[in-house]
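Student: Structure for this input, please:
(chains A, B, C and D)
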4 protein chains.
Amino acid sequence: MSATLDEARVHGALDSFNVELPSWGFSNTGTRFRVFPQPGVPRTTEEKIEDAATVHRYTGATPLVSLHIPWDRVADFSQLAALAASHGMRLGAINSNTFQDERYRLGSLAHPDAAVRESALRHCLECCEIVGATGAHALKVWLGDGTNYPGQDDFRARKRRVSEAFQRIHAELPEPASLLIEYKFYEPAFYQTDIQDWGMALLLAQQAGERARVVVDLGHHAHGVNIEQIVAILLDEGRLGAFDLNDRKYGDDDLIAGSINPYQLFLVFNELAGAGREPGRTGAGAGAVSYMVDQSHNVEPKLPALIRTVMTLQEHWVKAQMVDRQKLCDLQQAGDILGANGVLKDAYDTDARPLLARWREARDLPPDPLVAYLDSGEEQRRADARQDGTGAGWA
Amino acid sequence: MSATLDEARVHGALDSFNVELPSWGFSNTGTRFRVFPQPGVPRTTEEKIEDAATVHRYTGATPLVSLHIPWDRVADFSQLAALAASHGMRLGAINSNTFQDERYRLGSLAHPDAAVRESALRHCLECCEIVGATGAHALKVWLGDGTNYPGQDDFRARKRRVSEAFQRIHAELPEPASLLIEYKFYEPAFYQTDIQDWGMALLLAQQAGERARVVVDLGHHAHGVNIEQIVAILLDEGRLGAFDLNDRKYGDDDLIAGSINPYQLFLVFNELAGAGREPGRTGAGAGAVSYMVDQSHNVEPKLPALIRTVMTLQEHWVKAQMVDRQKLCDLQQAGDILGANGVLKDAYDTDARPLLARWREARDLPPDPLVAYLDSGEEQRRADARQDGTGAGWA
Amino acid sequence: MSATLDEARVHGALDSFNVELPSWGFSNTGTRFRVFPQPGVPRTTEEKIEDAATVHRYTGATPLVSLHIPWDRVADFSQLAALAASHGMRLGAINSNTFQDERYRLGSLAHPDAAVRESALRHCLECCEIVGATGAHALKVWLGDGTNYPGQDDFRARKRRVSEAFQRIHAELPEPASLLIEYKFYEPAFYQTDIQDWGMALLLAQQAGERARVVVDLGHHAHGVNIEQIVAILLDEGRLGAFDLNDRKYGDDDLIAGSINPYQLFLVFNELAGAGREPGRTGAGAGAVSYMVDQSHNVEPKLPALIRTVMTLQEHWVKAQMVDRQKLCDLQQAGDILGANGVLKDAYDTDARPLLARWREARDLPPDPLVAYLDSGEEQRRADARQDGTGAGWA
Amino acid sequence: MSATLDEARVHGALDSFNVELPSWGFSNTGTRFRVFPQPGVPRTTEEKIEDAATVHRYTGATPLVSLHIPWDRVADFSQLAALAASHGMRLGAINSNTFQDERYRLGSLAHPDAAVRESALRHCLECCEIVGATGAHALKVWLGDGTNYPGQDDFRARKRRVSEAFQRIHAELPEPASLLIEYKFYEPAFYQTDIQDWGMALLLAQQAGERARVVVDLGHHAHGVNIEQIVAILLDEGRLGAFDLNDRKYGDDDLIAGSINPYQLFLVFNELAGAGREPGRTGAGAGAVSYMVDQSHNVEPKLPALIRTVMTLQEHWVKAQMVDRQKLCDLQQAGDILGANGVLKDAYDTDARPLLARWREARDLPPDPLVAYLDSGEEQRRADARQDGTGAGWA
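Tutor: Coordinates of the predicted model:
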């Protein structure tokens, strides 16, 4: 970090750093072996928004909440938007779901049967309507489509089916909303996934239209893949749409962002900061990249886990701001490997927490949001208030 | 394959090739995203045994069925054994389960709280009693224990807790039953698994006692790991206890054995055949290695999938018998890389199905068990007969 | 395999199955730890062509030999083409090399210094001229470019530099030759590789022009990647240019094709056969996909290894022909997972060697090319004849 | 970090943090594609020791240098030890080399030919003598042994050969020196490695004798393996002997320690600190764990890279000291996942550099050793002084 770091500039970068929380992040989740239910989980979409607002109240960084259809389908979406506003929140992206219905056992948009594909398409088009009704900035599509055994279906036929569907969805999506296409290396399919990597997602986006862009989920890659490079490529092509933030050690573990490989998180943010992108800009313009959280808090308490997530994201966002870009560029150009690497190391090694505490103080936020939340008694009150009814589950 | 292949010897090897089917292999299973229920799944342990007996009737190779406690807990285990016998079946290993109870959220035998550990231990000791009551050849323990975040618990303390528990279990296990210790690379824990690889399982087995041996599940390794070498090492140490057979491309996918990497299955069987071990010998003696199936038929029909599994296993077992061992040994000793490799390739490239068809004919089995089953109408009758009640689920 | 397999059709498919051998495949190679020199390795490009011709004489399937510049630079390329013709061979693709010169320590076409980039570009343009001089069907470019440490260089800047260079190369490449762009997951760079996967190679090909296509090297992927799906995608986009055939268990091991995961080789060939593509068609038209070998015979003898390679490729090509495509398509459409998978399994399980022996007999080739070569005494004569001078090394 | 951090205690931990530099770390190295020679590389063992002493002069943390036989074989080892002493250095472990001689093409201690095995054994016994002559604390053995193709050799036979050899070496090794056994996932062998993981190394150590212990090289694991857990297991078994420190993203990349995944380095050090082990204690007693560097500076300058390495190691060692162990233990026991994880996060997030600067000042070392070295002009003087002769290469 340069001695002349302009702290005011970093404060500005923090002001515009907005994270979008998923409504399903507050619900019970688990592995295929077991879902461990937690006390106080929301029972309705309204309570999910309430929880997201709580995280925002402590961190000042999560003014958006993504919805998932059908889990969050309500009779009146404009009323839901108003409710969110009353909590100081906005509705974020609309997420479709074509992977939990009986009919989708062999796929949805890629299914060999045209009737099933049509059914899945209709669901996506309904989500387009909800984008319109809520003023959401994007429709986000993750397909669970794939095959479990060699020969089960025809790769090229499936590719064409998915591409055609995205073209139709793009055409129906109200402007200026983005069509966000997510890729995933594997799971739930175990032999082949129809949108398996960034290359496939980009190809589909190119074929779908100008507002189609790619979602990078940090856990959706093969081991060893350089994710920050993918981020740079998509930025350069104008096709980076959003992140699903989390961390992993093995598969798609959906652990807290930055909890396993924090340096990688820094390197990803460094690409954003280096490209002059402010994550959290939620418009649909070319420069917007949404920062979404997609985690599964299977054993740890959910609100504290999400507050720590946001704090960790902010810390690494600050470190990315601390990179001396001119010096970095000069050393890169000079071929000074250790020098250029040292510029990143220098920013990363700096403790970002004191600056963050000053920003929080200036914004009337608690200096340590997690401590403040745990000390507040809210966790217990939330559990007490939600004893009746069925806690929302992931599925 | 040598031109002088002694087909009678291979028929004998097929006669002694016995596969153990898991009672849970017939139940509904799925991923964390969705369980797709299937028609005709068993509703009771008795119906699971009935299904296993059906597979045995068509293949002649699956006379054993493993139980899982508590899923298969019955009032009278000797009655259950008698029922199995009436279907021409025997009860196989008893599997403990300490990963689906609320109290085991942070582990079972490795849990930081002594009371929880004691509870898990008691469950394992109950399983020891069931081993006694059923005359089972083994207690098989897979722990879901592990941690999700760095610092969550102390690695060395957990290791000692697990080791002490296994010592107590081994002491209580009726002779001559084996204590089978299974390892798994990851899942359900996502940062650290207490028994994560063969090295750890072997260390625990060494510390537990003479009858403790290791279970190799083909899907429980990091990418690239040479599994056939692990098999050879454990054989050489007299600590190979059993296999959980399946296949995978990514994580612990639990696909049909031999469906993704059939050559690897051959190489594993080649180690067994080369060591003069007859898989399927189900006694508890040093030479016994049990061949268990552990698959998750999430989208494909279960009985047909298991029949194909057994057929695939038999095909690769035959190929392993076809290896010209003397020639292999001579070429290895001479340092003839391509020659020695060619001996394996030659056996593997041979179509094993004609010999298998002859063996089946000689044993009054259908020449193609899968075709025979599909043509029999049994699948429909099974679905019709089991319409009421709740199909057994994995959890 | 259908009982009604048309063997004449498969013979025809074998006639058109032409494999291209790399000139460097006969030279001494090794790991970073050690190069173990072998007797009889060629000392000149002429001797490399001679060796390739020997493989062709025994297998009838390798009429092409790829050149590598500068290793195979000669004064008169038309004379070299004539020499090849006198051996019954044709010159194949021209391979550029911008990774073994001192100036390329930090990259070639992606280098931060414009002067170095220009130097690398000139080398590629010289290779374009050699394409013209030899009538080669393609210029094949593999870049070793990448970075070893975070921050070492700017990802987006490097991407643009490489893309611009390929556009210039494409413009200079004589028609109808293809520009073949190869990707590689890692090595020699250890943090980031400029063309790291098929997505990046495809993007660069799109930007370079119509004749730019992608090379799939079977060893250049992260663990678990579904290569046959990538093949299908590139086929569907009309951008599959060539294969570098080999096999791997860990990194880019460059072992004999089909020696570690033969089923994967079959699944790749199945995509080609399913798409009606005849690998080995060496024209530059859209349908052409070149089958190149790229292996490193570090410890095993080279000519026998290459003969086995070609035999293994032919065996799997035959198996891919044996797939009953109509039945496969029907079962896929019906959602019959096990049935469709069984069609592939059936073809794969069939021993392809008897049919191949009949084809060889009909073509006046030895029934077992490897045995015939080993029995011929050629290996010894080759070693005796090439005792003086320096054996060609990989670098 | 607790507010009451006892800085004097951390200074003491830094005083005892001694890193052992490898003589070959200063020589030219590269990939199989290319070795890029660097100016000023040492031409003799004496110059390697001189370079190691330079690193020690700037960092105060590298008083030991490991030798590699035969590269560092000299006529009089006691004279070499005296020379080292005159530079303020001590000789560290003796490394054997049985992977670069023509005879070891198919292995050394595992070779199928008894004569080759005997030759490799004699080399190791010569190294035992050198241990005696130099008073080295250990003989360190890494075998490149393995096979490239299935069937090439017999796994069980190879295992027994290696085990027998280690038993003989252990018997000949002068007390109290340790026998350090290193494992490596793959390379130079590409199908099977004889000592492929910690489980195998531990098994061999158990069979060899009490002074046999395991070397953990941070780059020698499959992707996803939890290395800090292996460290904990080996510590608990009293069998952790040493580290080969470096970092990797893909294979055995041998990059600068902490340059790719610094948090993992911290977690490894955290296990050591938690177990009360002071890395760098170089005696052969049970508590000693040696910290060796094993890196390959292929493109970056070597002395600066090694100075940065040592600085990075020190920074993470300090962070590991900052962990509040009592609080960690209490929270683990209470099952407070986020709390316990937060104790590690808190220490890791702290900037360790100010404390290190104070320690350096107190020890009369430059506050930033890398800047001081680069400003000193030594790099140029070293290059000027070593223009004649042949720079030492890795092989």
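Student: Run a quick neighbour tally on residue A:355.
Tutor: 22 (other CB atoms under 10 Å in any protein chain shown). No exception for glycine: its C-beta is placed from N, CA and C like everyone else's.
Student: Pull the contacting residues for it.
Tutor: Contact partners of residue A:355, counting by CB atoms under 8 Å, 6 or more residues apart in numbering or on different chains, are A:7, A:10, A:318.
Student: Look up how far chain C lies from the first one.
Tutor: Meaning residue A:7. Residue A:7 sits 23 Å away from chain C when distances are taken as CB to the nearest CB, to the nearest Å.
Student: Could you do the second one as well?
Tutor: With the distance defined as CB to the nearest CB, residue A:10 ends up 19 Å from chain C.
Student: quick one: contacts for that residue?
Tutor: A:318, A:321-322, A:355, A:359.
Student: now the strands for chain A?
Tutor: A:19-22, A:64-68, A:90-95, A:138-141, A:146-147, A:178-182, A:192-193, A:212-217, A:240-245, A:290-293 (DSSP state E).
Student: residues making contact with the first one?
Tutor: In other words, strand A:19-22. By CB under 8 Å, 6+ apart, strand A:19-22 touches A:52, A:55, A:61-62, A:64-66, A:68, A:92-93, A:95, A:245, A:280, A:282, A:290-294, A:306, A:310, A:313.
Student: Show me which of the residues you listed are buried.
Tutor: A:52, A:55, A:61-62, A:64-66, A:68, A:92-93, A:95, A:245, A:280, A:282, A:290-294, A:306, A:310, A:313 (16 or more other CB atoms under 10 Å in any protein chain shown).
Student: does residue A:147 have beta-bridge partners, and which?
Tutor: Beta bridges link residue A:147 to residue A:192, judged by DSSP bridges.
Student: which stretches of the stretch 151-300 of chain A have low pLDDT?
Tutor: Residues of the stretch 151-300 of chain A meeting the criterion pLDDT under 70: A:277-287.
Student: got the phi/psi numbers for residue A:142?
Tutor: Main-chain torsions, residue A:142, degrees, to the nearest 10: phi -120, psi 120.
Student: In ChimeraX, select just the buried ones from the contacts of residue A:10.
Tutor: In ChimeraX, this line selects whichever of the contacts of residue A:10 come out buried by 16+ other CB under 10 Å:
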select /A:318,321,322,355,359
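Student: biggest separation within the contacts of residue A:10, which pair?
Tutor: The span of the contacts of residue A:10, defined through CB to CB, is set by A:322 and A:359 at 13.3 Å.
Student: quick one, what contacts residue A:77?
Tutor: A:91, A:130, A:133-134.
Student: Just among these, which is most surrounded?
Tutor: Neighbour count (other CB under 10 Å) singles out residue A:91 as the most crowded of the contacts of residue A:77, with 27 neighbours.
Student: That one is in contact with residue A:133, isn't it?
Tutor: No. In this structure residue A:91 lies outside contact range of residue A:133 using CB atoms under 8 Å: 9.7 Å.
Student: just checking: which of the contacts of strand A:19-22 also lie near chain C?
Tutor: When CB under 8 Å from any CB of the partner chain is applied, no member of the contacts of strand A:19-22 is adjacent to chain C.
Student: quick revisit: how about the strands of chain A in JSON lines, adding distance to residue A:32?
Tutor: Output for the strands of chain A, formatted as JSON lines (distance: least, CB to CB, whole Å):
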{"stretch": "strand A:19-22", "distance to residue A:32": "20"}
{"stretch": "strand A:64-68", "distance to residue A:32": "20"}
{"stretch": "strand A:90-95", "distance to residue A:32": "21"}
{"stretch": "strand A:138-141", "distance to residue A:32": "23"}
{"stretch": "strand A:146-147", "distance to residue A:32": "16"}
{"stretch": "strand A:178-182", "distance to residue A:32": "21"}
{"stretch": "strand A:192-193", "distance to residue A:32": "17"}
{"stretch": "strand A:212-217", "distance to residue A:32": "19"}
{"stretch": "strand A:240-245", "distance to residue A:32": "20"}
{"stretch": "strand A:290-293", "distance to residue A:32": "22"}
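Student: Run through who's touching stretch A:46-57.
Tutor: For stretch A:46-57, contacts defined as CB under 8 Å, 6+ apart pick out A:21, A:23-24, A:26-27, A:42, A:62-63, A:65, A:72, A:80, A:83-84, A:87-89, A:302-303, A:306-307, A:310, A:373, A:378, A:382, A:386, A:392.
Student: For that stretch, output the C-alpha coordinates as PDB.
Tutor: What follows is stretch A:46-57, C-alpha atoms only, in PDB (Å, rounded to 0.1, in the frame of the first residue of the first chain):
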ATOM      1  CA  GLU A  46     -41.300 -11.800   4.200                       C
ATOM      2  CA  GLU A  47     -39.200 -13.200   7.100                       C
ATOM      3  CA  LYS A  48     -36.400 -13.900   4.700                       C
ATOM      4  CA  ILE A  49     -36.400 -10.200   3.700                       C
ATOM      5  CA  GLU A  50     -36.500  -9.300   7.300                       C
ATOM      6  CA  ASP A  51     -33.400 -11.400   7.900                       C
ATOM      7  CA  ALA A  52     -31.600  -9.800   5.000                       C
ATOM      8  CA  ALA A  53     -32.500  -6.400   6.300                       C
ATOM      9  CA  THR A  54     -31.000  -7.400   9.700                       C
ATOM     10  CA  VAL A  55     -27.700  -8.200   8.000                       C
ATOM     11  CA  HIS A  56     -27.900  -4.800   6.200                       C
ATOM     12  CA  ARG A  57     -28.600  -3.000   9.400                       C
END
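Student: neighbours of the residue in chain A that chain D sits nearest to, just the number please.
Tutor: Chain D sits closest to residue A:223 of chain A, with a gap of 3.5 Å, by CB to the nearest CB. A count of nearby residues for residue A:223, using other CB under 10 Å, gives 20.
Student: wouldn't it be in contact with residue D:223 here?
Tutor: Yes. Residue A:223 is within contact range of residue D:223, at 3.5 Å (criterion: CB under 8 Å).
Student: Find the residues that touch each one of these two.
Tutor: With CB under 8 Å, 6+ apart, residue A:223 and residue D:223 have common neighbours B:223, C:223.
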